[in-house]
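> Got a predicted model here, sequence first, then my questions.
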Amino acid sequence: AAFDTMFQAAAKTLSLSRGASFSIRRYCFKTPAKLRVSEAVSGAHLGANVKVQGWLRSVRPQKANLFLHVNDGSALQSLQVVASSELNDPLLTLGSAVEVTGTLRKSPHQKQPVELEADQIHVVGDCNPVDFPFKKKERHSLEYIRQFPHLRCRTNAFSSLLRIRSEATTAVHSYFKENGFVQIHTPVITSNDCEGAGELFRVEVSSSDIKFFSVPAFLTVSGQLHLEVMSGAFSRVYTFGPTFRAENSQSRRHLAEFYMVEAEVSFTQSLEDLTKVMEDMFRSATEHVLAHCAADVDLFHKHVTPGHRVSPQGHLLFGVTYSEAIDILNHSSQKFAFPTDWGCDLQTEHEKYLVKHCGNVPVFVTDYPYDLKPFYARDNQDHPKHTAAAVDLLVPGVGELCGGSLREERLDLLRARLEETGLEDTYSWYLDLRRFGSVPHGGFGLGFERFLQCILGVDNIKDVIAFPRFSHSCLL
Ligand SMILES: NC(=O)C[C@H](N)C(=O)O
């Protein structure tokens, strides 16, 4: 209290004399340092008097002692708390929020070398164990915890997944930063539909008679066209944000709202310039995640039966042209539900077969029929099989992970194609890009959730996103 009075007085004087605001920091002797669980378990604070806050992952009374595990999401590990049974409280149950003060000590247990010897345990928020959907010592399946989108982050498996996802986000940004890309925030609301990229959600004001934008507006299905604008000034750009497709599908691979990583590169010489970026990014992000999240990845794999996990090491990415792919399909003994004639779009069953055929590794399929691709895809001008410089990256277990193309940079060819489809007026601004300093360029989009599915071997896309949105489901 005496110190306090002194500080108050000093602060007052200083702020008056300097005319500046002054904040007082109270120094109290013996105030325990507040630590995150990750710091506490690191071993760097042995002997320190600390305070840790979190949620109980286990409660185990044993003879004269009480053992608790506190987790605050900062790490996979929980901090073991050892207390005398006098500190036990009926409100200390699985899931309750607590604040524990005590001293960090070396623990005799190899598995958790640090434990907190508690002086005080305060229940911040109790948790009724009867209603709480997760039970002691039970390993709940991903399907089970999916029913509780507001609570599943409290489980080991899903909190690991979300930490991995967060690190994978960092990995993607790091890759682009290290390779000289500028990040662009492409708009979420847009008037373009990126021609055939997917079914659109329309944006309207809820009092329906107001036409807010005067033109039809949609949630973005792809930031590609906006990135193309920017690649004409920055050469290498990317965007990484929410993307929306109104696919009426409940499949394991589709979401109505997903995150897409899109990049656009100027001054390309061939499709290989693009596949190189796709491959580099894929490898670098995968390596980064496996290096930084090893413990979380291991834990997560106790909960999924890794089907087709992709490891970045020693993998050759296979490359086949669309025409070669069609040959492979036509020579297979497997019966497909969809046709495999040249000119047909590749369906999931075809993609899966191709990946298997190439030895269960990621496969690039290039040079698709020109007529299958949107107006912006670059014409290979090859005859008689007319193809476009477009590419898909197919991966084990997931199928299409990434799609891209060289863009038609030649004004006359692009204009002719837009005229054919009656889109010349809509895309007059896009034609301008070819009139004012046009350069060969190309880009791609990678589905971030599919990337996570692929590197973690997760079967259902709903298990790699915090709040999945899909047809007939928009919980929370
Ligand atoms: N940026 C891209 O190339 C992605 C492409 N527009 C797609 O939606 O698949």
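Alright, I've got the coordinates. Numbering: from 1, shown residues only.
> from what I can see Trp342 touches Tyr370, true?
No. The pair Trp342 / Tyr370 is not scored as a contact, 12.0 Å apart, by C-beta atoms under 8 Å. Using the backbone N, CA and C atoms, a C-beta is placed for each residue, glycine as well.
> Between those two, point out the one with more neighbours.
Tyr370 (20 against 12; other C-beta atoms under 10 Å).
> Now do the same contact list for that one.
For Tyr370, the contacting residues are Ala377, Asp379, Asn380, His386, Thr387, Ala388, by C-beta atoms under 8 Å, 6 or more residues apart in numbering.
> between those residues, which has the most around it?
Among those, the one with the most neighbours (other C-beta under 10 Å) is Ala388, at 26 neighbours.
> Please name the residues that touch the closest residue to that residue other than its chain neighbours.
Take Ala388 and drop its neighbours on the chain: the residue closest to it by C-beta to C-beta, 6 or more residues apart in numbering is Ala377, 3.9 Å away. When contacts are counted by C-beta under 8 Å, 6+ apart, Ala377 touches Tyr368, Tyr370, Ala388, Ala389, Ala390, Ser405, Leu406, Arg407, Glu408.
> 6 Å instead?
Each residue near Ala377 by C-beta atoms under 6 Å, 6 or more residues apart in numbering is listed here: Ala388, Ala390, Ser405.
> before we move on, what about Val363?
Going by C-beta under 6 Å, 6+ apart, Val363 touches Phe318, Leu354, Val355, Leu394.
> What's the local residue count around Thr31?
Quick note: Thr31 (other C-beta under 10 Å) scores 10 neighbours.
> what's the spacing between it and the ligand?
53 Å (C-beta to the nearest ligand atom, to the nearest Å).
> helix/strand/coil for that residue?
Secondary structure, DSSP: H, G, I helix; E, B strand; the rest coil: Thr31 is coil.
> hang on, the earlier thing: just curious, which of the contacts of Tyr370 is nearest to Leu92?
Each of those was scored against Leu92 by C-beta to C-beta, and Ala377 proved nearest at 61.7 Å.
> beta partners of that closest one?
Using DSSP bridges, the beta-bridge partners of Ala377 come out as Arg407.
> quick revisit: can you pick the most crowded of the contacts of Val363?
Leu394 leads the contacts of Val363 on contacts (other C-beta under 10 Å) with 27 neighbours.
> for that one, helix, strand, or coil?
strand.
> Tell me which strands whatever helix or strand Val261 lives in pairs with, and in which orientation.
Using DSSP states H and E, Val261 maps to strand 257-266. Strand pairing for strand 257-266, using DSSP bridges, gives strand 236-244 (antiparallel), strand 441-447 (antiparallel).
> Comparing the ones you listed, which comes out most buried?
When the strands paired with strand 257-266 are scored by mean count of other C-beta atoms under 10 Å, the highest mean neighbour count falls to strand 441-447 (a mean of 25).
> Thanks a lot, catch you later.
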